[in-house]
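**Q** Sharing a sequence plus its predicted fold:
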2 protein chains.
Amino acid sequence: MQIACAQVAPVVGDAEGNRRLAREALRAAIEAGARIVVLPELVTSGYVFESAEEARGLAISVEELADWAEEAARAEAVIVGGFAELGEDGAVYNSAAVFGPDGLLAVYRKTHLWDREKLSFEPGAEAPPVLETPFGRIGVAVCYDLYFPELTRGLALAGADLIALPANLPLFPRPEGERPVEIALAQATAHVNKVWVAVCDRAGPERGVEWTGASCIVDPDGWLAAGPVDGYGEGILHADCDLALAREKAWGERNDVRKDLRPELYASPRPASDPSRIASSSERGASRSPASSAP
Amino acid sequence: MQIACAQVAPVVGDAEGNRRLAREALRAAIEAGARIVVLPELVTSGYVFESAEEARGLAISVEELADWAEEAARAEAVIVGGFAELGEDGAVYNSAAVFGPDGLLAVYRKTHLWDREKLSFEPGAEAPPVLETPFGRIGVAVCYDLYFPELTRGLALAGADLIALPANLPLFPRPEGERPVEIALAQATAHVNKVWVAVCDRAGPERGVEWTGASCIVDPDGWLAAGPVDGYGEGILHADCDLALAREKAWGERNDVRKDLRPELYASPRPASDPSRIASSSERGASRSPASSAP
């Protein structure tokens, strides 16, 4: 079973051109053998909006993704891609849609918004879903969601074999010879959860913003099954993936991703640190017992 | 302010030799300028025990780490290192001790035990501490704890500027040209929390076990400030570190590690996945609303 990530270069504002671009990428990926295809975040609209009004003008309902539904049905494939969604509630969301052979499986509205997205989009109110598909269970998240291991752990614990993330990763400087740090994040997410991870980033500069082009497909051991794209530009990544590998959560006979969790020891994430929980050296100097002021 | 990780090669059972080894490494690291020195996990005892009895026989009380206390006092340094601890309760723990210029700051008993450690050690009952030191706030964890981003997030939210991890990372095969995946984990931990991370692994084969030698010091952007050691063997890593950088939790004007958290959306980690939380495609096919069965 082959997964593809289509690292294409949409153009902000060119809805018709982006529609063609996405359809062509889907067809190319499927023709090359993919049964699960991931498209970038906001592939329908582009990303660098001049205003919330521009984003709203480019937002569509999920029904307008008929192309994706048709490709998924025709090829008996699963398609995950990002779009600017005009919700039935009138709000605009940065969403990912998932289509299977039988139609729409889910829309996930991005819950962690990055930078100016906060000016154009409402954050989603629901945690992301895990969807049963003919090829395995797919959890969905979008771009900056990857920075919240709480969320990806939740997807893994809910049974995801693959976490698919449409993304638009703005380019930050990196030391010479280093891969984008987002690839390390994808590796860590896969490894600590023993899940497949497929990040589909975008290419093509847009209104002065360059993109990282960090698409990658990572196996449950944390190794790159595909990616990055040569030169971090446009390209479609393909990897043969046995999603069932992600059902094995044991490391040897004595360790297991789920059973080794110690939830009673993990703090609920809180918006700010509480200084009362930090031990000072004067309080601790005389103590020989294990630390008790814990996070 | 310089941090060092002393990737030394202790010998299982040679308590006196390991004592000298640790003291020499501390002195060398401090002489080269380090003010925070991290030693490996179980540096006093070695790791590959033949039996729980052997581990118990090598376990010591924290008072027996007088060498470490003396070095920390003499050099006005902070020392973090792992030891087999005989607790005042009679149990044997895989612990990390932290000494500052004024004495013992804390003992943390490893809460996530790896493989045969479960045969020799009691798991710790307390979450790890964050300690105020003259150089900044240090959170402590040990080796496999790094696989639990819930725990490292907790340390960061409790105010850690640096997460210091004594480790003994058994060597697993990796694709040619790839760094150990544990380095990606350290990078991801640093990046998503905007904290410094210092992992001190060990070297030297022991009873047939080879070690990864994946010591590294990672800055709050997720980049390697030092490491890995050339050839992944014995060596002391040094990096100049401004721990105050970890107090800046904002990414630009609209994002922040703490404020962007959506704890209401994160599932409590649970020991096993609940199949009832997985949506089937037949249930979802007709739905156009955002996914509601969430992890």
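**A** Now that the structure is in, tell me what you want to look at.

**Q** Show me where the stretch 151-295 of chain A has its helices.
**A** For the stretch 151-295 of chain A, the helices defined by DSSP state H, counting those that start in this stretch cover A:181-193, A:281-284.

**Q** deepest of these, which one?
**A** Compared across the helices of the stretch 151-295 of chain A, helix A:181-193 shows the largest average neighbour count, a mean of 27 (mean count of other Cβ atoms under 10 Å in any protein chain shown). Yep, even glycine has a C-beta here, placed from its N, CA and C like the rest.

**Q** shaky segments in chain A?
**A** A:268-295 (pLDDT under 70).

**Q** Spatially central residue for it, please.
**A** Centroid-nearest residue in chain A: A:Leu165, 2.0 Å away (criterion: Cα atoms, centre = their mean).

**Q** Is it correct that that residue is in contact with A:Trp196?
**A** No - assessed by Cβ atoms under 8 Å, A:Leu165 is found out of contact with A:Trp196, at 11.3 Å.

**Q** Turn the helices of the stretch 151-295 of chain A into a markdown table, columns for distance to chain B.
**A** Below are the helices of the stretch 151-295 of chain A laid out as a markdown table (distance: least, Cβ to the nearest Cβ, whole Å):
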| stretch | distance to chain B |
| --- | --- |
| helix A:181-193 | 3 |
| helix A:281-284 | 5 |
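
**Q** Which stretch among those helices approaches B:Glu176 most closely?
**A** Closest to B:Glu176 of the helices of the stretch 151-295 of chain A is helix A:181-193 (Cβ to Cβ; 16.1 Å).

**Q** So which other helices or strands are in contact with the closest one?
**A** With contacts defined as 3 or more Cβ pairs under 8 Å, 6 or more residues apart in numbering or on different chains; DSSP states H and E, helix A:181-193 has these neighbours: helix A:149-157, strand A:162-166, strand A:196-200, strand A:216-218, helix B:181-193.

**Q** let's go with 6 Å and repeat that
**A** The contact analysis (3 or more Cβ pairs under 6 Å, 6 or more residues apart in numbering or on different chains; DSSP states H and E) places helix A:181-193 against strand A:196-200, strand A:216-218, helix B:181-193.

**Q** I'd like to check the angle between the last one and helix B:149-157, please.
**A** Between the axis of helix B:181-193 and that of helix B:149-157 there is an angle of 50 degrees, by axes from the mean of the first three to the mean of the last three Cα atoms, to 10 degrees.

**Q** How far does helix B:181-193 sit from its chain's centre?
**A** Counting by Cα atoms, centre = their mean, to the nearest Å, helix B:181-193 is centred 11 Å from the centre of its parent chain.

**Q** residues in contact with that helix?
**A** A:147, A:181, A:184-185, A:187-188, A:191, A:222, B:146, B:152, B:156, B:169, B:197, B:199, B:214, B:216, B:218, B:220, B:222 (Cβ atoms under 6 Å, 6 or more residues apart in numbering or on different chains).

**Q** Contact partners for the residue nearest to the centre of chain A?
**A** A:141, A:146, A:199.

**Q** Just the buried residues of those.
**A** Listed as buried from these are A:141, A:146, A:199; burial here means 16 or more other Cβ atoms under 10 Å in any protein chain shown.

**Q** A:Ala198 contacts A:Ala6, correct?
**A** No - applying Cβ atoms under 6 Å as the test, A:Ala198 and A:Ala6 come out as separate, 10.8 Å apart.

**Q** who wins for proximity to B:Gly204 among the helices and strands packed on helix A:181-193?
**A** helix B:181-193 (17.4 Å).

**Q** angle of that closest one against strand B:196-200?
**A** 160 degrees.

**Q** now the angle between strand B:162-166 and helix B:181-193, please.
**A** Going by the same axes, to 10 degrees, helix B:181-193 makes 160 degrees with strand B:162-166.

**Q** before we move on, the earlier item: could you single out the nearest of the buried ones among the contacts of A:Leu165 to A:Asn255?
**A** A:Leu146 (24.4 Å).

**Q** Tell me who's in contact with that closest one.
**A** A:165, A:185.

**Q** which residues in the stretch 101-250 of chain A form strands?
**A** Ranges of strands in the stretch 101-250 of chain A, per DSSP state E, counting those that start in this stretch, are A:103-109, A:130-133, A:136-140, A:162-166, A:196-200, A:216-218, A:224-226, A:235-240, A:250-251.

**Q** Run the chain-centre distance for the second one.
**A** If I follow you right, that is strand A:130-133. 15 Å.

**Q** The fourth one too?
**A** For strand A:162-166, the gap between its own C-alpha mean and the chain's C-alpha mean amounts to 4 Å (Cα atoms, centre = their mean).

**Q** Keeping just the C-alphas, turn it into CSV.
**A** The C-alpha coordinates for strand A:162-166 follow below in CSV (Å, rounded to 0.1, in the frame of the first residue of the first chain):
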residue,chain,number,x,y,z
LEU,A,162,-1.2,6.9,10.2
ILE,A,163,-1.2,10.5,11.2
ALA,A,164,-1.7,12.6,8.0
LEU,A,165,-0.8,16.3,8.2
PRO,A,166,-1.5,18.8,5.5
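
**Q** between it and strand A:103-109, how big is the angle?
**A** 70 degrees.
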